[in-house]
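Trainee: Turn this into a structure:
(chains A and B)
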Amino acid sequence: MIEEKEEAGHSPWNDAWHRLRRNRLAVCGGILILTLAFACMFGPIFSQSYEEQNLDLGAVPPSRAHWLGTDVLGRDLLARTLYGGRISITVGLVATFVALTIGVTYGAIAGFVGGKTDAVMMRIVDILYALPFPIFVILLMVFFGRNIILLFFAIGAVEWLTMSRIVRGQVMTIKRMEFIEAARALGLGPRRIIFRHVIPNVLGPIIVYTTLTIPAVMLLEAFLSFLGLGVQAPMSSWGVLIKDGSEKMEEFWWLLVFPGALFSLTLFSLNFLGDGLRDALDVRASKD
Amino acid sequence: MIRFIVVRLLQTIPVVWIIITATFFMIRFVPGGPFTAERAVSPEILRNLEAHYGMNKPLYKQYLDYCGSVLKGDFGPSFKYPTRSVNEIIGEKLPVSIELGLISLAVALAIGLPLGVLAAVKRNTWIDYLCSSFALLGVCIPTFVMGPLLILVFAIHLGWFNASGWYTPVDRVLPSLTLGLVYAAYVARLTRGGMLEVLSQDYIRTARAKGASELRVIMKHSLRGGLTPVVSFLGPAIAGIVTGSFVIETIFQIPGIGREFVNSAFNRDYTLVLGTVVLFAGFLIVMNLVVDVVQVWLNPRLKFE
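Mentor: Residues are numbered from 1 along each chain as shown, chains lettered A, B, ... in the order given. Coordinates of the predicted model:
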């Protein structure tokens, strides 16, 4: 009897996973970002309080009691940095999710429906591209107060444009393929075809671009916080910590250096991971 | 080509109009006004002030008045600096930002282009890795970390430069280095990518086959095509260098238009906010147009649509 051997998995996702694992920088980035996220999520539970002040102590350089030192009010910098990271990463994820939702839906509809609808929808994107968006985000934050929910939507509303363009382009190629025609022949409605059959097939570019959007969003949040428009005290984010640190760096260098380094490290690993994913998932780029 | 430029310029009119309208009504519907920040003024003075700025008229009338004066190129009087017009303030602050922007751009190109070309030519060698990691470093260290760090090292510890200010030519070094390094990183990444794409093309092999020297292949045959992604990045980047210098201007206390814009938003200086927003938007639109034109010039296979 011939033994039935199961074919080893060679789906595109499997291939991509293998390519990604071979990319040492991307793997390092991935591990680093997971570690950082984990530390920020659970670290504040075990570390010292991020808001407990100790005015007698004041700002002390890194020591055994306070690994990263303390700030002017005697608050433990390690705890504050981890806690700030929690906020920064949350903003990054939530705002990216907002951008993702808008961008994918918009792009998929424009690409799938096509014709005049597509022309009008993409013209709107072109116009929005021409707007100086950071300026509008600044205006929004100044005028409507430093509300964190608003922050999510303001940033999300800025970052969806590129995503919608990418998705539209992909959808336009996919919708001509036979399996979509088959779905249509089966009598499925356009909404079901878009969400069940089209979008899963453009997941690759979406994942890649999402990984690259998160650092962009975190940068924008930190930029706003640096201008004094981000999250409000006693909450803090990496942007807020960097701002505070840069004001006091002459005497207390650690207040700037540690939050800055952690923030840069996060951006660094997210970008490495994103680049690696792009090489792994994009067939065109992976041929070399 | 002339037709293309004219059509594109005509298309920008509705865009600018939308921007003006959206900004105008947005700032009017938010709580607080230009006169609420200071100590409470008596009702009569407030009435006089509002009459002076035409704020006692109905909102639609104010809007029409404003649009009318913008058409004449007048952005109105500033609310915060009562004796000065928005045009004057822009005229005074914009050159500072432009100077900072141009120097930074020069820094970015001078560092970014050679690094990118080198990385692409020496692909997958340690030179490539070195150039590429430098580029990524620049992308990942934001200006508001880089700026203070440079100040800490070069101004405070080494004492080579002033920590802030905009008086002598030496004061230009740290701010433009901070701003330029970020863009240098992007330029290097894009140059590398663009060059790699071009270097694998058939006509490059042809050039090599007919015995052109490596230097000639790079400078004459590849660079033109390889720069396409850099050019499309530079358009928004140039506009962004002027707008994105809020942080630099704040860190180094440079009297430029970016800092003025943030302050005007905080002060509810309606006309100054509007004026700067229109300025930034116009800048961005014009730069995008310039990019499209240069793009066609670099790559004749593209056509003006």
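
Trainee: So, low pLDDT: which residues of the stretch 1-150 of chain B?
Mentor: B:31-41 (pLDDT under 70).

Trainee: mind redoing it with 90?
Mentor: Residue ranges of the stretch 1-150 of chain B with pLDDT under 90: B:1-105, B:108, B:112-150.

Trainee: Chain A contacts on that one?
Mentor: B:12, B:15, B:18-19, B:23, B:26-27, B:30, B:136-137, B:139-142, B:144-145, B:147-149 (Cβ under 8 Å from any Cβ of the partner chain). Every residue, glycine included, has its C-beta placed from N, CA and C.

Trainee: just the buried members of those?
Mentor: Neighbour-count burial within these applies to B:12, B:15, B:19, B:23, B:26-27, B:136, B:139-142, B:144-145, B:147-149; the criterion is 16 or more other Cβ atoms under 10 Å in any protein chain shown.

Trainee: so which of those residues comes closest to B:Leu196?
Mentor: B:Leu136 (16.0 Å; Cβ to Cβ).

Trainee: What segments of the stretch 201-305 of chain B are helices?
Mentor: B:202-209, B:214-216, B:223-226, B:228-243, B:246-251, B:257-267, B:270-298 (DSSP state H, counting those that start in this stretch).

Trainee: any chance of those helices in CSV, plus distance to chain A and mean pLDDT?
Mentor: As requested, these are exported to CSV (distance: least, Cβ to the nearest Cβ, whole Å; pLDDT from 0 to 100):
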stretch, distance to chain A, mean pLDDT
helix B:202-209, 15, 79
helix B:214-216, 20, 75
helix B:223-226, 16, 76
helix B:228-243, 6, 76
helix B:246-251, 6, 83
helix B:257-267, 4, 82
helix B:270-298, 4, 81
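
Trainee: pretty sure A:Leu77 is touching A:Trp254, no?
Mentor: Yes. If you go by Cβ atoms under 8 Å, A:Leu77 and A:Trp254 touch, sitting 6.7 Å apart.

Trainee: So which bits of the stretch 101-250 of chain A are right by chain B?
Mentor: A:127, A:130-132, A:134-135, A:138-139, A:142-144, A:215, A:219, A:222-223, A:226-227, A:239, A:242-243, A:245-246, A:249-250.

Trainee: how does it look with 7 Å?
Mentor: A:127, A:130-132, A:134-135, A:138-139, A:142-144, A:219, A:222-223, A:226-227, A:242, A:246, A:249-250 (Cβ under 7 Å from any Cβ of the partner chain).

Trainee: Return the subset of those residues lying in strands.
Mentor: In strands, defined here by DSSP state E, there are no members of those.

Trainee: circling back: between A:Leu77 and A:Trp254, which one's more packed in?
Mentor: Just comparing A:Leu77 and A:Trp254: by other Cβ atoms under 10 Å in any protein chain shown the higher neighbour count belongs to A:Leu77, 27 against 20.

Trainee: Local confidence estimate at that one?
Mentor: pLDDT for A:Leu77: 76.

Trainee: can you check A:Phe97 too?
Mentor: For A:Phe97, the predicted pLDDT is 90.

Trainee: Not counting its neighbours along the chain, what's nearest it?
Mentor: Leaving aside its chain neighbours, A:Phe97 sits nearest to A:Gly156 (7.5 Å; criterion: Cβ to Cβ, 6 or more residues apart in numbering or on different chains).

Trainee: List phi and psi for that neighbour.
Mentor: phi -60, psi -40 (degrees, to the nearest 10).

Trainee: Scan the chain for its longest helix.
Mentor: If you meant another chain, say so; for now it's chain A. helix A:77-113 (DSSP state H).

Trainee: Not quite, go with chain B.
Mentor: helix B:86-121.

Trainee: Packing partners of that helix?
Mentor: Applying 3 or more Cβ pairs under 7 Å, 6 or more residues apart in numbering or on different chains; DSSP states H and E, one finds that helix B:86-121 contacts helix B:126-140, helix B:173-199, helix B:228-243, helix B:257-267, helix B:270-298.

Trainee: isn't A:Ile207 right up against A:Leu277?
Mentor: Yes. With contact defined as Cβ atoms under 7 Å, A:Ile207 counts as touching A:Leu277 (6.2 Å).

Trainee: Which residue of the two possesses the greater neighbour count?
Mentor: A count of neighbours by other Cβ under 10 Å puts A:Leu277 above the other of A:Ile207 and A:Leu277, at 24 against 16.

Trainee: related to what we said a few turns ago, and of the helices of the stretch 201-305 of chain B, who's closest to A:Phe42?
Mentor: helix B:246-251 (32.2 Å).

Trainee: Need the contact partners of the closest one.
Mentor: A:223, A:226-227, B:100, B:143-144, B:147-148, B:175, B:178-179, B:254, B:256, B:258-259, B:262 (Cβ atoms under 7 Å, 6 or more residues apart in numbering or on different chains).

Trainee: what do you get if the cut-off is 6 Å, keeping everything else the same?
Mentor: B:Thr143, B:Phe144, B:Gly147, B:Pro175, B:Thr178, B:Leu179, B:Gly256, B:Gly258, B:Arg259, B:Val262 (Cβ atoms under 6 Å, 6 or more residues apart in numbering or on different chains).

Trainee: Distance to B:Val153 added to the residues you listed, as CSV?
Mentor: Formatted as CSV, the contacts of helix B:246-251 follow (distance: Cβ to Cβ, whole Å):
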residue, distance to B:Val153
B:Thr143, 15
B:Phe144, 16
B:Gly147, 11
B:Pro175, 15
B:Thr178, 12
B:Leu179, 17
B:Gly256, 24
B:Gly258, 24
B:Arg259, 24
B:Val262, 27
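
Trainee: Just the closest of those to A:Thr35, please.
Mentor: B:Phe144 (24.6 Å).

Trainee: Just the pLDDT for the nearest residue to the closest one once chain neighbours are set aside.
Mentor: Leaving aside its chain neighbours, B:Phe144 sits nearest to A:Phe226 (4.5 Å; criterion: Cβ to Cβ, 6+ apart). Here, the pLDDT recorded for A:Phe226 equals 80.
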